[in-house]
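Enquirer: could you work out the structure for the sequence below:
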Amino acid sequence: MSMYKLLKFKMLKILSNLKVYGQRKISWPKFLKNRIFWIIILTIFFSSSFGFLAGTLSSSYFYSEIKDYLQKLKIEFPQLGLLELEKQTIPGQESIGEYLPQTSQEEKIISAVNEVSPSVVSIIISKDLPIIEEYYEEFFGPGPFEFQIPQYRQKGIEKREIGGGTGFIISSEGMILTNRHLVLDEEADYTVLTNDGRKFPAKVLARDPVQDLAIIKIEKTDESFKVVKLGDSSKLQIGQTVITIGNALGEFRNTVSVGVISGLGRTVTATGGGIIETIEDVIQTDAAINKGNSGGPLLNLRGEVIGINTAMALEAENIGFAIPINKAKRAIEQVKAFGKIVYPFLGIRYVLITEKIQLENNLPVNYGAWIIRGERGEPAITPGSAAQDAGLKEGDIILEFAGEKITPENSLAKIIIKYNPGDKVVLKILRNNQEKIVEVILGERSE
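Expert: Have a look, this model is predicted:
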């Protein structure tokens, strides 16, 4: 049989539904449906393949055209600040070794730290201390026994490091703001260690008699130093992000920690440097203030100093306190102008009256400053002070200072700081249940 006839025979069998697959006949409609299904599948496959290929080629072409166009614009109009496309990367394919900040807040933190760190210094405290040598002397007892008794003698003097803290540069000539309790020892030597490892001797210019602040200065140098930018602590808000930088544990220079402002207007009693003092109107933060961080800056996200780290709560985690920078601005200006820090001085010992103190002491009012003796019998009125000259007496209650009512929230210390030595102010006092008006000329308090 010829090939033509064979093919013709095969086709006739198909059209007559005579072809058998195994033991199962395939009807004409089902056969036709299977053919149509596979034709549709193949059509979709080839259409998708050609579409993908065309899209890839066209996108590559247009990307190249757009890139060239933007580069021309960047050259001709640099003020537009156009991005360079060659620096863009596909997500997940960032270049290794270049850190990309994840959020705008993270970028601000990194920028603030880089800006301020060169102005943050470590303060090393050292002192000449005696070298003590131990030796033994032999003694014989009443019997045949021999005893050795230890004895001690000074063999010489050596300079030893006895402490450390942090400060930050506030003038290009090398003036540094820090905590008073760090530089209380007048016999100690102070050395400033900069962020780049340079060491300079420093001297104390002024210690604040009221606040835990002091200003020291780098000696014997003609170098110009990078200065921090001072912010405005009157605009702080609870929950605001803050950054601390300090010489943690006196060992890890420029340690950075981040937190928020946890509270404002706090009053705490702090110990350090052999002194105990009550600090009013301070900032509370959960940014870690470790030992050695004292005197370091508390920053906002703009890299501005808004506080001076001063204390931490030992019985809790991440509760630290900082003095608002606005309180230090006055001290800085006084040292620059007069070489010392001075405050107006009234010369009384007092207790701020609350409802509890009123009930416990049967007082006629629940506000004011009650003039009383100290716990160890210290006089209520300082001899020779402005209070004595004005005729104030133990037991008087100062109700108003220059027209401002004295309360725990608006304490006498907060009010008097607004004035200068030599200012004349009017006090409203309560004496023997009778109100009196007293004029007083404020004295001066300095280191």
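
Enquirer: for residue 344, list each beta-bridge partner.
Expert: residue 444 (DSSP bridges).

Enquirer: low-confidence ranges, this protein, go.
Expert: 1-102, 128-159, 248-252, 270-277, 314-316, 447 (pLDDT under 70).

Enquirer: if we use 80, what do you get?
Expert: In the predicted model, the chain carries pLDDT under 80 at residues 1-103, 127-163, 220-223, 247-254, 267-280, 290-293, 312-318, 375-377, 446-447.

Enquirer: per-domain residue ranges of it.
Expert: Domains of the chain are assigned by automatic domain parsing as 24-87, 229-340, 344-446.

Enquirer: columns distance to residue 172 and mean neighbour count on top of the ones you listed, output as JSON lines?
Expert: (C-beta placed from N, C-alpha, C; glycine too.) Below are those laid out as JSON lines (distance: least, Cβ to Cβ, whole Å; neighbours: other Cβ atoms under 10 Å):
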{"stretch": "domain 24-87", "distance to residue 172": "32", "mean neighbour count": "10"}
{"stretch": "domain 229-340", "distance to residue 172": "12", "mean neighbour count": "19"}
{"stretch": "domain 344-446", "distance to residue 172": "26", "mean neighbour count": "16"}
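
Enquirer: tell me which of the ones you listed sits nearest to residue 202.
Expert: domain 229-340 (12.4 Å; Cβ to Cβ).

Enquirer: let me see the ranges of the helices in this protein.
Expert: 3-15, 28-76, 104-116, 325-338, 355-361, 386-390, 412-416 (DSSP state H).

Enquirer: ok, residue 390 to residue 398 distance?
Expert: Residue 390 sits 11 Å away from residue 398, going by Cβ to Cβ, to the nearest Å.

Enquirer: what touches both of the two?
Expert: Common contacts of residue 390 and residue 398, defined by Cβ atoms under 8 Å, 6 or more residues apart in numbering, comprise residue 427.

Enquirer: ok, which stretches of the stretch 151-300 of the chain are strands?
Expert: Applying DSSP state E, counting those that start in this stretch to the stretch 151-300 of the chain gives strands spanning 175-178, 189-193, 199-207, 214-218, 229-230, 241-248, 252-272, 275-285, 297-299.

Enquirer: adding distance to residue 348, write those out as a markdown table.
Expert: Shown next, in a markdown table, are the strands of the stretch 151-300 of the chain (distance: least, Cβ to Cβ, whole Å):
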| stretch | distance to residue 348 |
| --- | --- |
| strand 175-178 | 30 |
| strand 189-193 | 34 |
| strand 199-207 | 23 |
| strand 214-218 | 26 |
| strand 229-230 | 33 |
| strand 241-248 | 36 |
| strand 252-272 | 19 |
| strand 275-285 | 16 |
| strand 297-299 | 32 |
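
Enquirer: check contacts around residue 239.
Expert: The neighbours of residue 239, taking Cβ under 8 Å, 6+ apart as the test, are 260, 261.

Enquirer: can you rerun that using 10 Å?
Expert: Counting by Cβ atoms under 10 Å, 6 or more residues apart in numbering, residue 239 touches 260, 261, 262.

Enquirer: tabulate those in TSV, adding columns for distance to residue 343.
Expert: Putting the contacts of residue 239 into TSV (distance: Cβ to Cβ, whole Å) gives the following:
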residue	distance to residue 343
260	32
261	27
262	29
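
Enquirer: of the residues you listed, which is the nearest to residue 236?
Expert: Nearest member of those to residue 236, counting by Cβ to Cβ, is residue 261, at 5.8 Å.

Enquirer: beta partners of the closest one?
Expert: For residue 261, the beta-bridge partners are residue 285 (DSSP bridges).

Enquirer: check residue 177 too.
Expert: residue 168, residue 215.

Enquirer: tell me how many other residues crowd it.
Expert: As a burial measure, residue 177 scores 26 neighbours (other Cβ atoms under 10 Å).

Enquirer: likewise residue 226?
Expert: 14.

Enquirer: list the contacts of it.
Expert: 115, 116, 117, 118, 119, 120, 169, 172, 194, 195.

Enquirer: make a ChimeraX selection of the buried ones in these.
Expert: One line in ChimeraX is enough to select the buried ones among those; burial here means 16 or more other Cβ atoms under 10 Å:
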select :115,116,117,118,119,120,169,194,195
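
Enquirer: and the furthest pair within the contacts of residue 226?
Expert: 117 and 172 (16.9 Å).

Enquirer: got the end-to-end distance for stretch 351-371?
Expert: 7 Å (Cα to Cα, to the nearest Å).

Enquirer: contact partners of it?
Expert: With Cβ under 10 Å, 6+ apart as the test, stretch 351-371 has contacts from 267, 346, 348-350, 372, 380-381, 387, 392-401, 405-413, 415, 427-433.

Enquirer: cool, stretch 433-443 as well?
Expert: 343-347, 364-365, 382, 384-392, 396-402, 416, 419-431.

Enquirer: now intersect those with the strands, please.
Expert: Using DSSP state E, the members of these that fall in strands are 343-345, 397-401, 424-431.

Enquirer: coming back round to it: export the domains of the chain as TSV, with columns for distance to residue 199.
Expert: Converted to TSV, those look like this (distance: least, Cβ to Cβ, whole Å):
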stretch	distance to residue 199
domain 24-87	41
domain 229-340	12
domain 344-446	31
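
Enquirer: nearest to residue 104 among these would be which one?
Expert: Of these, nearest to residue 104 by Cβ to Cβ is domain 229-340, at 9.5 Å.

Enquirer: for the closest one, measure first residue to last.
Expert: Its start and end residues considered, domain 229-340 measures 22 Å (Cα to Cα).
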